[in-house]
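> Next come a sequence and a model predicted from it.
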Amino acid sequence: MFRQLPLLLTERNSLPCNRLPSRPTQSTASLICAPFQVKDSRGRIISLEKYRGKATLVVNVASYCQYTDKNYIALQELHREFGPSHFTVLAFPCNQFGESEPSSSQEIESFARGNYGVTFPVFHKIKILGSEADPAFKFLIDSSKKEPRWNFWKYLVSPEGKVVKFWRPEEPIESIKPEVTSLIRQIIMKKREDL
């Protein structure tokens, strides 16, 4: 069974929620009442709640890696083909693998946009492993039971925040498309039912 991805990444919302215990547990972490936040490349706080209702591919990226060209090109192709209404890629730079992302967050975003025409969000550089790992990636790892071993690991998250599947960096984009297509089809069908 898949677990639900919390919709924001760090602090509890100040709004009261009588369903949430005073200390969130792993079983309550998926409630909307305990949202997460991330920082964009300029350090502004962004709520991941804004991506609720979309299929989302969360990826740890790096600028100086053997997989950089192939993956950025493929991710942009995927985003262009399926986004932005029902799908988006969320890129999280990380320097924990071979020190292949040494630049600042703004430089990383400029690199991705300038060299690959990236139109999906590129967030603030984070750690994804160890005690300082970003809570979102801790959740992705815990939910999938798969810890990234290198750059460009991809986690597909459903519109409800559930981790659906993961892919290693060397896996072709063609292996991701059927899963994304299936989720988008479900989103469209649900919208039609709600009319």
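Looks like it arrived, so ask away.
> average pLDDT for stretch 79-94?
Average pLDDT, stretch 79-94: 94.
> For it, output the C-alpha coordinates as PDB.
C-alpha atoms of stretch 79-94 as PDB (Å, rounded to 0.1, in the frame of the first residue of the first chain):
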ATOM      1  CA  HIS A  79       6.900  18.200 -18.800                       C
ATOM      2  CA  ARG A  80       6.200  19.800 -22.200                       C
ATOM      3  CA  GLU A  81       4.200  16.700 -23.300                       C
ATOM      4  CA  PHE A  82       2.100  16.200 -20.200                       C
ATOM      5  CA  GLY A  83       2.200  19.500 -18.200                       C
ATOM      6  CA  PRO A  84       1.400  21.900 -16.800                       C
ATOM      7  CA  SER A  85      -2.400  21.300 -16.200                       C
ATOM      8  CA  HIS A  86      -2.200  17.700 -15.000                       C
ATOM      9  CA  PHE A  87       1.500  17.000 -14.500                       C
ATOM     10  CA  THR A  88       4.700  18.700 -13.400                       C
ATOM     11  CA  VAL A  89       8.300  17.900 -12.700                       C
ATOM     12  CA  LEU A  90       9.700  19.200  -9.400                       C
ATOM     13  CA  ALA A  91      13.600  19.400  -9.500                       C
ATOM     14  CA  PHE A  92      15.500  19.400  -6.300                       C
ATOM     15  CA  PRO A  93      19.300  20.000  -6.700                       C
ATOM     16  CA  CYS A  94      21.500  18.000  -4.500                       C
END
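> list the buried ones in it?
79, 82-83, 86-94 (16 or more other Cβ atoms under 10 Å). For the C-beta atoms, the positions are set from N, CA and C on the backbone; glycine is no exception.
> what do you get for stretch 144-159?
Neighbour count says stretch 144-159 has 144, 146, 148, 150-159 buried, by 16+ other Cβ under 10 Å.
> quick one: which two of these are the most distant?
150 and 159 (27.9 Å; Cβ to Cβ).
> Spatially central, which residue of the chain would that be?
residue 58 (2.4 Å; Cα atoms, centre = their mean).
> Just confirm it is within a helix.
No: counting by DSSP: H, G, I helix; E, B strand; the rest coil, residue 58 falls outside a helix, being strand.
> on contacts alone, who are the packing partners of the longest helix seen in the chain?
As assigned by DSSP state H, the longest helix anywhere in the chain is helix 177-194. The contact analysis (3 or more Cβ pairs under 8 Å, 6 or more residues apart in numbering; DSSP states H and E) places helix 177-194 against strand 55-61, helix 68-82, strand 87-93, strand 154-157, strand 163-167.
> now that helix and strand 87-93, what's the angle there?
Counting by axes from the mean of the first three to the mean of the last three Cα atoms, to 10 degrees, helix 177-194 points 130 degrees away from the direction of strand 87-93.
> contacting residues around helix 177-194?
53-55, 57, 78, 81-82, 86-87, 156, 158-159, 164-165 (Cβ atoms under 8 Å, 6 or more residues apart in numbering).
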